[in-house]
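>>> I would like the atomic coordinates for the input below:
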Amino acid sequence: MKESAFLVLEDGTLFEGVSIGITGMTTGEIVFNTAMTGYQEILTDPSYANQIITFTYPHIGNTGINQTDCESEKIQIKGIIMHDISLIHSSYRSNMNLEKYLKNNNIIGIMNIDTRKLTKIIRNKGTQYGCIFTDKTTNINTIYKRINNAINQSKINIITDISTKKIYHWNKGTKNIYTGKYNQCIKKLPFHVIVYDFGVKKNILRILVDYGCYLTVVPENTSAEKIISLNPDGILLSNGPGDPRLCINNINNIKILLNTMIPIFGICLGHQLLAIANQAKILKMKFGHHGSNHPVQNIKTKKVFITTQNHNFTIDKNFLPKNIEITHQSLFDKTIQGIKIIHKNVFGFQGHPEANPGPHDAEELFKKFIKNIKKYKKNQYRN
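Residues are numbered from 1 along each chain as shown. Reported below is the predicted structural model:
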């Protein structure tokens, strides 16, 4: 018989449900994700570090867990909330069910609660911090103390804990699920791209390789001078967790890199850091964007992408410097989704163009990055 579990929000709301994963207690910022597929990618996305994920889709775990689709080496979330977990899993690639995977990664979760009610609370009141626990004798003061500690920790830059600790190289493209082989090998990679690891997803690396990039992945605290000395053809500022306004050293490094002609592409957190480095301001959103059905429009061409999103912060339209041009906007709330730096081969995108398992509409942004790289290399050759 399943053990009971409880969820307390910072506003005092209590949910009682059933425990999944391990028993114990966990706290974090609760966000809801509207994706119908891709729970394995969501759980392992470093951008979700220190957060508790609520799945609005009612049935999670149908296809189990496989060895290919992880976005990092482990589950990154602090806890999981869902309506129901699948009792069976069915996929020719699956080698484990979801609950075992949660237990193997020491993740605490709760199910059989009204996730619609929880989502409405977050939509009406904004993102909530909360605590999941399995011991019903736990003192309520202890719970609120843990919640307050989690709120205070949100004021700390956490990408240092998420980023790689040493430089490494990556030359593996996306994997063919039928043959098990990677799509590229190092002999076919003409472009050297530095990836600033603020919490990079593996699929960003895979797709860059598919487009011909040999990657050097560097820790988040790598100096701009070190980056320049590596002689890259392009620089990617990766996704990652937390408040971009806290990343002072990272912003200062980006400012130095902007004085070069090296093409730069920022994704999600990298997009926000790029904006701050150009004197833009950042706002925290009421409940953010988390899902895989977000329409984004190219302002110039009017073309619409359906995108995967995962962010709690956005660029403030009211404090945008003249050297930043808005290229894309959300059709949900008109927030900024894409920017470019005028007179430079530098641009950023808020969504996740590498989205795995999808949608892949915005993947053409990688083509734009490669086009900028080719132009840069051509100019270098001329000089």
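>>> Least confident secondary structure element in this structure?
Here the helix or strand of the chain ranked lowest by mean pLDDT, DSSP states H and E is helix 364-382, holding a mean of 90.
>>> ok, Gly64 touching Met96?
Yes: the pair Gly64 / Met96 is scored as a contact, 6.0 Å apart, by C-beta atoms under 8 Å. (Glycine included, C-beta is placed from N, CA and C.)
>>> picking that back up, quick one: buried residues of the least confident helix or strand of the chain?
For helix 364-382, a neighbour-count test (16 or more other C-beta atoms under 10 Å) marks 365-366, 368-370, 372-374, 376-377 as buried.
>>> Ile254 versus Ile264, what's the distance?
Ile264 is 8 Å from Ile254, where distance means C-beta to C-beta, to the nearest Å.
>>> So which of the buried residues of helix 364-382 is the closest to Ser229?
Nearest to Ser229, judged by C-beta to C-beta, of these is Tyr376 at 17.0 Å.
>>> for that closest one, what are its contacts?
Contact analysis of Tyr376 by C-beta atoms under 8 Å, 6 or more residues apart in numbering lists 233-234, 261-263, 345.
>>> mind redoing it with 7 Å?
233, 261-263, 345 (C-beta atoms under 7 Å, 6 or more residues apart in numbering).
>>> Narrow those residues to those in strands?
Using DSSP state E, no member of the contacts of Tyr376 sits in strands.
>>> got the residue ranges for the helices in this protein?
39-43, 98-104, 115-125, 140-153, 159-162, 202-210, 224-229, 248-257, 269-277, 364-382 (DSSP state H).
>>> Show the model's pLDDT score for the nearest residue to Arg123 once chain neighbours are set aside.
With sequence-adjacent residues excluded and distances taken as C-beta to C-beta, 6 or more residues apart in numbering, Arg123 is closest to Phe287, at 5.9 Å. Looking at Phe287, its pLDDT is 96.
>>> Could you do Leu87 as well?
At Leu87, pLDDT is 86.
>>> what's the neighbour count on it?
The number of residues packed near Leu87 is 9, by other C-beta atoms under 10 Å.
>>> where does it fall, phi/psi-wise?
phi -80, psi -20 (degrees, to the nearest 10).
>>> any idea how far Asn97 is from it?
Distance from Leu87 to Asn97, by C-beta to C-beta: 9 Å.
>>> buried stuff in stretch 330-348?
Per 16+ other C-beta under 10 Å, stretch 330-348 contains these buried residues: 330, 335-341, 344-348.
>>> what do you get for stretch 117-136?
Neighbour count says stretch 117-136 has 118-119, 121-122, 127-134 buried, by 16+ other C-beta under 10 Å.
>>> I'd like these as CSV, with distance to Glu10 and pLDDT appended.
As requested, the buried residues of stretch 117-136 are exported to CSV (distance: C-beta to C-beta, whole Å; pLDDT from 0 to 100):
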residue, distance to Glu10, pLDDT
Leu118, 13, 98
Thr119, 16, 98
Ile121, 10, 98
Ile122, 11, 97
Thr127, 10, 92
Gln128, 5, 95
Tyr129, 5, 98
Gly130, 6, 98
Cys131, 9, 98
Ile132, 13, 98
Phe133, 14, 98
Thr134, 19, 97
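>>> what's the most distant pair in the residues you listed?
Farthest pair in these, by C-beta to C-beta: Thr127 and Thr134, 23.7 Å.
>>> give me every residue that touches Gly242.
Gly242 sits in contact with 157-159, where contact means C-beta under 7 Å, 6+ apart.
>>> how long is stretch 192-209 end to end?
The first residue of stretch 192-209 is 10 Å away from its last residue (C-alpha to C-alpha, to the nearest Å).
>>> tell me which residues form a beta bridge with Val296?
For Val296, the beta-bridge partners are Phe305, Ser330 (DSSP bridges).
>>> Can you get me a residue count around it?
Val296: 25 neighbours (other C-beta under 10 Å).
>>> got the contact list for it?
304-305, 307, 328, 330-331, 337, 351.
>>> quick one on the thing from earlier: let me know which of the helices of the chain is tucked in deepest.
helix 269-277 (a mean of 26; mean count of other C-beta atoms under 10 Å).
>>> now the stretch 251-383 of the chain, which segments are flagged as low pLDDT?
Applying pLDDT under 70 to the stretch 251-383 of the chain flags residues 381-383.
>>> One more: the stretch 101-250 of the chain?
Within the stretch 101-250 of the chain, the stretches with pLDDT under 70 are 175-187.
>>> quick one on the thing from earlier: my read is that the residue nearest to Arg123 contacts Gly126, right?
Yes: using C-beta atoms under 7 Å, Phe287 is in contact with Gly126, at 5.7 Å.
>>> Strands of the stretch 51-200 of the chain, start to end?
51-55, 59-60, 79-81, 84-85, 108-111, 128-133, 168-170, 191-196 (DSSP state E, counting those that start in this stretch).
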